[in-house]
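Asks: Need a 3D model of the following:
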Amino acid sequence: MAHWTKFEKETERETKTLIRWASGVQDEDDHNFQLALKFAWSNFKFHTYLDVDSHKVTRSINGIYEKLMIHSDMKKAESWARLTEEFLNSPLMNTEGTKTDAHYSILSLMLLLSGPPSNTEYVERPRLKEAEVRDTFDWAKYLMEDEELDYGPYPDTPEWSEEESEEEDHQQPISREDSGIQVDRTPQEDQENTNQALPVTWTVGEPDARAWLEQQVVTPYWVSHAPRFPHSLHLHSNLLNVWDQYLYNTDPLYLPEEKAFVTETQVIRETLWLLSGVKKLFIFQFHEGKVSVRNDVVVTHLTSNCLRSVLEHIAVYGQAVFRLQRFIDEVTGHSSEPAPPPSSSSGSHCSSSSHSSYREPPFRTYQAFVWALYKYFSSFREELTAIEKELIGKDETVTLSGVLVRLRPHLAQIRVLHKVFCTGVAEVPAETTNVVRASHLLNTLYKAIIEYDSVGEASEHTVALLFSLWTETVRPYLEIVDEWIVHGQLFDPAREFIIQRNKDVPVNHRDFWYATYTLYSISEPVEGEDRLTDAGSGSSAGEQTSGGRQPTMVSFLKPVLKQIIMAGKSMQLLKNLDCKESMPADSASRDAERKSLYTLFLESVQSRLCRRDDSPQDAVTEQQATKRSLIKMQSIVAQHLQIDDIHDPLLAINFARLYLEQSDFHERFSGGEFIVDRSSQSVTCQSFELTLRSCLYPHIQHRYIQCCGNLMTTLKKDYKLLEYLQAMRNYFLLEAGDTMYDFYTAIFQRVLEKESWQQLSFLNAQLQEAVGQRHPEDSSRLSIFLETSEPARKKQPVNNLDVLTLSYKVPWPVDIVISTECQRIYNQVFLLLLQIKWAKYCLDTVRFSDLTSATQRAEGGVAGEGASARDGINQQIHRMCLLRVKLMHFVNSLHNYIVTRILHSTGLEFQHQVQEAKDLDQLIKIHYRYLSTIHDRCLLREKVSFVKEAIMKVLNLVLIFSDRWQAGFGAWRIESIDKMESDFKNCHMFLVTILNKAVCRGSFPHLESLALSLMAGFEQC
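Replies: Numbers count the residues shown, from 1 in each chain. Below is the predicted model of the structure:
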């Protein structure tokens, strides 16, 4: 075996070791050992093995990873993927490169020898890498034996060798003619190699310095009949000539035209200049707002059609840059050229309509939008400058396709910006007001962000660009809102905000809350603007604009528009109130330390973004928590998928990953009785809307609560709002029973005594006397007036009280809540209560003694007529007494229903709601709803006027009955008793029928007590 090589000896030794381990036979002289050795050597020498298939190994690795994920072995799956990737990217001994056949062979062997990975317990052990030991010994100093040498100022520069330079000069190019490869020669290489360049001396001050520079640096390709530049004679560098020759040979009508030859470097530089905003170019021409490409510009290595298609594609973006730059110049006032004339084509409609609208100074929203565009184009020009520097340096090969690939993200962003500009600015008609322009621009940006955000990760950079553009553009709006809700001043000189101040109404006017501000809202298919006259929000109409299609109101403010209006009006009202707790020095110091709404919004957005991009250590912790949540949510989602008999672990994993981004996922899905609602959109909100909901709206909501809370506290404590509301109920709703009893009994007594009572002096004297005894603070505020009744109206005794009008002087700002309209409703209820009180007073004041004395006189007069006459008189008196009792039951039932069931219970609810009111607008609505409720339940609504007429007939019948009772027995006859009984029975039956039907339908549940009470009296009849 002396002729064996070292490799064969090592193979022999390793083969024997393999046989010992595989068979267990240790004796090499054993017959079985020798047979195994011969078999192994035979396979090693003469058997051929196929190379390992790297794709199969990769599929096996991915399959094991997916299997571990299905079995929820997250740690195993992560370790498996990371370790296999590290092994494939690590070098092996005696093997160069990564991911070689040796790598995949080892992995294939390990996969064949391994068992099921899911049935084994595995914990990864940390591996410590040994640090490389660097040799710090100074061998140069040791070999030079401490001899110091002077290397000069540049020790790293190699020594000059004249012999090497001479050898390089005399080297001949290697011939490649015999290999069939064409030699790449330039015209300079065809000259003699011995010719050397003449040294050129140039001084800056010489007259022909510029001419020499232009001649030596670049060929003047922009002039007519420019000299041809030298280029390579390679076939690929002369594709244009080949193509022209082909056309000339195949097309008999082909006529070559004169062309302007340029290099690809020149095309690249003009492309960069075009995108930088330069208009005076040779290849690209700017005419009437459009960018076109010269027809005669060619390069030697491309056909004219190919070059033109590429350049026209670039020209589209150049035109977009020009339009945006022109808009920036016009808004900033730096436009140096007039606007182009309007064109009839659709492509120039945007530009013509946009330029004619900037005769007035631009408003702040457009200025903020222009500032955002300027910042973007500044960074874009920095990128273009960096590319041009690389092009000038010639350190690397720069091609036009490479430049376009590098600029592809920027060009996509420019296309998006141009689309937003055309939709949000240029397409708006010239006569449109500033408020419509600003709201439409912000709404366009908002919709664009929502649209691109719905795409997902594919448009992540576009969403980031649009969001930064939106945050800059929305700054004036947020500053206007901040100034309004903090200082109470709606500072909008350009009238661009959707809410505008009506200066004709002062703050201390009673209509301040309703008519001070105008809310502009425009619908999409506009024939005019929607007039919003809402007393609660204090909004009115906007101006009508022309045009078939108009933009809508700002979308992002809709969820908090009411809070903004309430906070702004509340703060303005607070600033004009004489607040006892306000201190100017403290407010000034607090305002100096306060952050603006826009600053708070940016800080919230930044903190929200920072939570996503934490430090690496935090990222590892968050990743572990995410995995734990993923495992937990996977089981939860799998349970809910089983509702539809779906058993798919991978689907459960994907759903769990999708819902991990929702913070309330576990709360919504961990409940035992929760049913998956596929129509619910609560877990599909876009991230931009979530950003606004978490970063902007809470600050506005906080300020709204603070402003409105301060106003409500001031009105309740300093201006006694609750006391005035109680006073209205005391006097108009007769809750101050003893006080108002003294007032209206004096009137009723005069009516019974047939004296004149409709005297203004008498009425006010009685009112002041009754109120002054118990509530002297209200005596100066209460007054009563007499109104003229309509002569054409049929006069009934009960309607004599309709001329009374009670008035209560409410000071400002309480009259915002207790308005004139509210007092009108109070008066209607007051008159109804007076009429019921009058009827009840008349029935209560009649006495049986009056009828007894009248009976005795009547019996004395008919003593000679017999017993039958006396029985008739007693029967009439008995019927009068029964009728009195029936009327008293009806009046008392009606009185108890209105006083207890309506006024008292509704008043308790009203007091509770007033205490919980958060803002003045809510308090106004609560008060108006309270008045509307008692107005309807007191049957004063026009819809149920027939019920009120029936009640008025009964009350009028009571007054007639009382008058005849007071007149005595001889003043009435038996026929009048029959008529009164018949009228009362008809009205009673009508009311019982109507009320029972209403109660059975359930439309008026509050009438149930009155219906039952009247029904009981009707059954007794």
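Asks: in the helix or strand containing H313, what's buried?
Replies: Assigning secondary structure by DSSP states H and E places H313 in helix 304-332. Buried residues in helix 304-332, counted by 16 or more other CB atoms under 10 Å: 304, 307-308, 310-311, 314-315, 317-328, 330-331. Heads up, the C-betas are built off the backbone N, CA and C, glycines and all.
Asks: Who are the packing partners of that helix?
Replies: helix 264-276, strand 284-287, strand 290-293, strand 297-298, helix 349-355, helix 364-393, helix 400-421 (3 or more CB pairs under 8 Å, 6 or more residues apart in numbering; DSSP states H and E).
Asks: got the angle for it vs helix 400-421?
Replies: 40 degrees (axes from the mean of the first three to the mean of the last three CA atoms, to 10 degrees).
Asks: quick one on the thing from earlier: could you dump the helices and strands packed on helix 304-332 into a markdown table and include mean pLDDT and distance to H702?
Replies: Listed next are these as a markdown table, based on pLDDT from 0 to 100; distance: least, CB to CB, whole Å:
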| stretch | mean pLDDT | distance to H702 |
| --- | --- | --- |
| helix 264-276 | 90 | 45 |
| strand 284-287 | 86 | 52 |
| strand 290-293 | 88 | 50 |
| strand 297-298 | 84 | 62 |
| helix 349-355 | 44 | 39 |
| helix 364-393 | 91 | 24 |
| helix 400-421 | 92 | 32 |
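Asks: out of those, nearest to S604?
Replies: Smallest distance to S604 across those (CB to CB): 19.2 Å, for helix 364-393.
Asks: Quick check: which ranges of the stretch 1-150 of the chain have low pLDDT?
Replies: For the stretch 1-150 of the chain, applying pLDDT under 70 flags the ranges 1-3, 49, 128-135, 140-142, 144-150.
Asks: Helices along that one, start to end?
Replies: Assigned by DSSP state H, counting those that start in this stretch, the helices in the stretch 1-150 of the chain fall at 6-23, 31-46, 54-70, 74-88, 101-113, 139-143.
Asks: Minimum distance to R475: which of those has it?
Replies: Using CB to CB, the nearest of the helices of the stretch 1-150 of the chain to R475 is helix 74-88, at 44.5 Å.
Asks: Packing partners of the closest one?
Replies: Short answer (3+ CB pairs under 8 Å, 6+ apart): helix 74-88 packs on helix 54-70, helix 101-113, helix 616-641.
Asks: how far away is T471 from E755?
Replies: 79 Å (CB to CB, to the nearest Å).
Asks: that's a helix at E257, yeah?
Replies: No. Counting by DSSP: H, G, I helix; E, B strand; the rest coil, E257 falls outside a helix, being coil.
Asks: Quick check: chain neighbours aside, which residue is closest to it?
Replies: Setting aside the residues directly before and after it, E257 is nearest to D296 in space (CB to CB, 6 or more residues apart in numbering), at 6.7 Å.
Asks: Return the per-residue confidence for the one you found.
Replies: The model reports D296 with a pLDDT of 83.
Asks: Ok, T250 next?
Replies: Reported pLDDT for T250: 86.
Asks: and it, how many neighbours?
Replies: 8 (other CB atoms under 10 Å).
Asks: returning to that earlier point: the more surrounded of T471 and E755?
Replies: T471 (17 against 10).
Asks: for the more buried one, what are its contacts?
Replies: By CB atoms under 8 Å, 6 or more residues apart in numbering, T471 lies in contact with 601-602, 605.
Asks: how about JSON lines for those, with secondary structure added?
Replies: Shown next, in JSON lines, are the contacts of T471 (three-state DSSP):
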{"residue": "F601", "secondary structure": "helix"}
{"residue": "L602", "secondary structure": "helix"}
{"residue": "V605", "secondary structure": "helix"}
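Asks: which of these are buried?
Replies: 601-602, 605.
Asks: nearest to Y122, of these?
Replies: Y122 has its nearest neighbour among the buried ones among the contacts of T471 in V605, at 43.1 Å by CB to CB.
Asks: where's K569 relative to Y376, distance?
Replies: As judged by CB to CB, K569 and Y376 stand 38 Å apart.
Asks: Which one of the two is surrounded by more residues?
Replies: K569 (29 against 19).
Asks: D511 versus that one, what's the distance?
Replies: 12 Å.
Asks: What residues of whatever helix or strand H702 lives in count as buried?
Replies: Secondary structure from DSSP H and E places H702 in helix 697-717. Using 16+ other CB under 10 Å as the burial criterion, the residues of helix 697-717 that qualify are 697, 699-700, 703-704, 707-708, 710-712, 714-716.
Asks: Please name every helix or strand in contact with it.
Replies: helix 475-487, helix 561-575, helix 597-612, helix 920-937.
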